[in-house]
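> Got a sequence here, can you model it:
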Amino acid sequence: MTEQALGKQAAVTTLLEVGATAIRTLLGVDEITAAPRLFRYRIDGGQFVECWLYDEDQALIDRLWA
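A predicted model of the protein is given here:
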């Protein structure tokens, strides 16, 4: 595995760990950008009800969230 892949995998793992424990409230959507990674959220009644993550390495994301 390349150094870049190890760094990316470590970053995604950290994001998942923090996301699982962080209390978050979406106040609004300020910006939509084009990038190698896309987070897509659905809010209902002021609550997150769905979150999707699309990535250049979708297989890695699918393994981490499985």
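
> in the chain, which spans are strands?
Counting by DSSP state E, residue ranges of the strands within the chain are 37-44, 47-55.

> Same list (those strands) but as a markdown table, adding mean neighbour count and mean pLDDT.
(Glycine included, C-beta is placed from N, CA and C.) Rendered in a markdown table, the data for those read as follows (neighbours: other Cβ atoms under 10 Å; pLDDT from 0 to 100):
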| stretch | mean neighbour count | mean pLDDT |
| --- | --- | --- |
| strand 37-44 | 11 | 79 |
| strand 47-55 | 12 | 81 |
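
> Reformat those strands as JSON lines; add distance to residue 13.
Formatted as JSON lines, the strands of the chain follow (distance: least, Cβ to Cβ, whole Å):
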{"stretch": "strand 37-44", "distance to residue 13": "14"}
{"stretch": "strand 47-55", "distance to residue 13": "13"}
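
> Residue 65 is nearest to which of those strands?
strand 47-55 (7.6 Å; Cβ to Cβ).

> Across the sheet, point out what pairs with the residue positioned nearest the centre of the chain.
Centre of the chain computed as the mean C-alpha position; nearest residue by Cα atoms, centre = their mean is residue 53, 4.8 Å away. Note on residue 53: beta-bridge partners residue 39, judged by DSSP bridges.
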